[in-house]
Structures are given as C-alpha cells and as structure tokens.
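A.B. asks: only geometry, no sequence info:
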C-alpha cells in the first residue's frame with residue numbers, strides 16, 4: 001500500500017464524535033469510507049481493479065448475446081424440423097419448447113456475466129474492509145448465531161437456507177457479525193420464501209442474566225409462539241404493544257431494556273435499511289437482530305460500465321450503515 005494511502009487510512013484512528021441520526025452522516029470524518037481516505041482507496045486500489053473487470057464485463061456481455069443468438073438459431077432449426085417430425089406441413093414448434101430453449105440460453109449466457117459481477121463486488125468490498133480490519137466472505141456456510149435465531153423464534157425454521165455477504169470484525173468493545181440470509185420452506189411449486197434480509201449479531205462485554213425477545217406484531221410474525229422458557233412481558237405503552245410482542249425470562253430486566261428511546265432506535269433502523277418486520281433478542285452478552293430488507297452490498301447492473309464511482313459509494317454507504325448500527329446498539 002502506498003504512503004499516501006497509509007497516511008489517509010491512519011486518519012481513521014482520530015477520536016470519533018457522537019453518532020448522528022440514520023440517513024445522515026453515518027461515519028465521522030477521517031474514516032476510510034469517506035473524504036480523502038476514500039478518495040485514496042478508490043483511486044489507488046478500486047479503480048484499477050474495476051478497469052480490469054470492465055474488460056471482463058464487455059467480453060461476458062458479448063458472450064451473453066452470442067449465446068442468446070445461438071438459442072434463437074436453435075429455435076429456427078426446431079421450426080424447420082417440426083413438419084418432418086410431426087408429419088404436418090404447416091407444423092411449428094411448441095411455444096413451451098421455444099421458451100425453454102431461450103430460457104436455457106439466457107441462463108447459460110448469463111453465467112459469465114454473473115461471475116464478473118461477483119468478482120468485481122468481492123474486490124470492491126475487500127478493498128473497503130481491509131483498512132477497517134473487517135473480514136468479508138461472499139458465500140459463508142452458515143449465518144452468525146443462526147441456531148440461536150431459530151431457537152428464539154426470531155426466524156422461521158426453513159427447509160433450505162442460503163447466506164451471503166458475511167462481515168465480521170470488532171468496533172470499539174463490540175464484536176460483530178452480519179450477513180444476508182434467504183430462507184425457504186417447501187419444495188417445487190409449494191416452495192415459498194419465508195425470510196430475506198439481514199442478520200446481525202453484536203457481542204459486548206456487558207452480560208445479562210436473562211433473555212428478552214422482541215417480535216414484530218405484524219403479518220406472518222403473528223404465527224410465532226413464545227420461545228421456550230420465556231413468558232409474555234406486558235409493557236405500559238399501548239402504541240408499542242400494537243407494534244411489538246415481547247417475551248422474557250425476567251420481567252424487570254425486560255422493562256429496563258425496552259425503553260421508549262430503544263424502541264425508537266429500532267424504528268429508525270427499519271427506516272434506514274428500508275426494511276420491515278424487525279425483531280431482536282438480548283441473551284447473555286449478545287444482541288441479535290433480524291430485519292427483512294432488499295439485497296445490499298451489490299455492485300449494480302452489468303449493462304453499463306463498471307468504472308463508476310457511484311457504484312463503490314453505494315457499497316460504502318451500506319457498510320457505513322452497519323457501523324452506525326453497531327454504534328447505536330452496541331452498548332444497548
């Protein structure tokens with residue numbers, strides 16, 4: 001790494017001011033995700049990588065359209081052979097076969113494009129995370145504390161699961177891990193999506209003697225039952241009770257945790273992530289949060305040049321929101 005980049009990254013060690021509201025400045029000046037530090041990382045590490053990936057993207061797009069053209073040619077041949085195969089002079093190929101042929105061509109043709117997008121995304125996120133001391137894995141085998149999420153009814157039990165974009169590290173006194181999860185139930189035509197969003201695990205030195213679970217009182221979450229060993233916690237706020245269901249092993253500690261300001265921060269987190277159905281749990285030294293939301297940390301569309309700073313800035317803002325979440329909830 002060059003001296004210029006080392007100097008810029010070193011600025012991240014300056015003292016941090018207080019956190020701002022979600023949607024405003026998410027990381028203070030001097031952090032590697034903004035200002036001169038970000039400029040140095042982008043120009044010296046990310047932009048050269050994107051230029052190289054741009055050549056790969058153009059080749060992959062050409063391959064994609066060539067495969068589509070091959071699929072169209074195959075459909076044309078199928079139509080020529082249809083009369084001989086069926087014995088009817090005016091016969092044409094079944095539309096279902098046409099759709100199947102073109103779908104297969106599109107899927108096969110897109111594989112190289114998807115590979116370029118994945119490689120570009122990994123290169124960008126790795127370059128942004130290294131100065132922060134954050135480890136990144138694009139396809140983890142499992143989600144952080146996933147069994148605990150299930151046992152506390154923060155997530156429905158799936159028949160199949162997939163995880164991506166795992167970030168792990170430490171910020172201040174808080175160890176954190178987060179990833180995106182996609183959970184399904186059933187198979188074939190009965191296969192349904194039951195969760196898509198982010199899973200967060202924050203671990204701090206503070207330990208609690210009890211377990212407290214907060215579930216969103218909305219939609220399919222109403223089907224969740226009280227986690228084993230816990231009981232319903234009644235709070236005095238009628239507005240809160242309309243939105244959330246609370247279960248805990250210690251009524252007093254649950255009420256101490258779930259202050260109006262904490263619940264307001266949960267609502268702000270939902271809005272900041274453009275998500276919904278947020279739920280969380282406090283157990284021992286851990287805070288677990290599950291939030292339904294769209295895919296994040298993506299490089300963007302592949303039909304335009306990769307060498308666009310805005311693509312990288314979008315991913316950087318996603319990472320900044322992670323740090324904002326840790327700053328907001330790490331000491332909760």
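C.D. replies: Arrived safely, thanks for sending. Values in this document were obtained by computation on a predicted structure and should not be read as measured data.

A.B. asks: Could you point out the helix or strand that follows the helix or strand hosting residue 117?
C.D. replies: Under DSSP states H and E, the secondary-structure element containing residue 117 is helix 95-129. For helix 95-129, the following helix or strand on the C-terminal side (DSSP H and E) is strand 135-137.

A.B. asks: List the neighbouring strands of that following strand plus their orientation.
C.D. replies: Sheet pairing for strand 135-137, assigned by DSSP bridges, gives strand 160-171 (antiparallel).

A.B. asks: Flag every buried residue along the next helix-or-strand element following the strand it pairs with.
C.D. replies: The C-terminal neighbour of strand 160-171 among helices and strands, as given by DSSP H and E, is strand 174-185. By neighbour count, with 16 or more other Cβ atoms under 10 Å as the criterion, the buried positions of strand 174-185 are 174, 175, 176, 177, 178, 179, 180, 181, 182, 183, 184. C-betas here are computed from N, CA, C, even on glycine.

A.B. asks: List the buried residues of whatever helix or strand comes next after strand 174-185.
C.D. replies: Proceeding C-terminally, strand 174-185 gives way to strand 192-203 as the next helix or strand, assigned by DSSP H and E. Counting neighbours by 16+ other Cβ under 10 Å, one finds that the buried residues in strand 192-203 are 194, 195, 197, 198, 199, 200, 201, 202, 203.

A.B. asks: how about the nearest residue to the first one, chain neighbours excluded?
C.D. replies: Which is residue 194. Among residues not flanking residue 194 along the chain, residue 156 sits closest, at 4.7 Å (Cβ to Cβ, 6 or more residues apart in numbering).

A.B. asks: re the thing from before, packing partners for the helix holding residue 117?
C.D. replies: Using 3 or more Cβ pairs under 8 Å, 6 or more residues apart in numbering; DSSP states H and E, the elements in contact with helix 95-129 are helix 47-86, strand 135-137, strand 160-171, helix 309-329.

A.B. asks: switch to 10 Å and redo it
C.D. replies: In terms of contacts (3 or more Cβ pairs under 10 Å, 6 or more residues apart in numbering; DSSP states H and E), helix 95-129 is packed against helix 35-41, helix 47-86, strand 135-137, strand 160-171, helix 309-329.

A.B. asks: report the angle between the axes of that helix and helix 47-86?
C.D. replies: Computed by axes from the mean of the first three to the mean of the last three Cα atoms, to 10 degrees, the angle separating helix 95-129 from helix 47-86 equals 170 degrees.

A.B. asks: ok, and for helix 95-129, which residues are buried?
C.D. replies: By 16+ other Cβ under 10 Å, the buried positions in helix 95-129 come out as 98, 101, 105, 109-110, 112-113, 116-117, 119-129.

A.B. asks: looking at the helices and strands packed on helix 95-129, which is closest to residue 210?
C.D. replies: Closest approach to residue 210 among the helices and strands packed on helix 95-129 is made by helix 309-329 (17.9 Å; Cβ to Cβ).

A.B. asks: TSV for the helices and strands packed on helix 95-129, including mean pLDDT and distance to residue 270?
C.D. replies: Written out in TSV, the entries for the helices and strands packed on helix 95-129 read as follows (pLDDT from 0 to 100; distance: least, Cβ to Cβ, whole Å):
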stretch	mean pLDDT	distance to residue 270
helix 35-41	84	27
helix 47-86	89	33
strand 135-137	94	25
strand 160-171	93	19
helix 309-329	86	11
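
A.B. asks: Tell me the buried residues in stretch 316-329?
C.D. replies: Neighbour counts using 16+ other Cβ under 10 Å place 316, 318-329 of stretch 316-329 among the buried residues.

A.B. asks: where's that stretch relative to the chain centroid, distance-wise?
C.D. replies: Between the mean C-alpha location of stretch 316-329 and the chain-wide mean there is a distance of 13 Å, by Cα atoms, centre = their mean, to the nearest Å.
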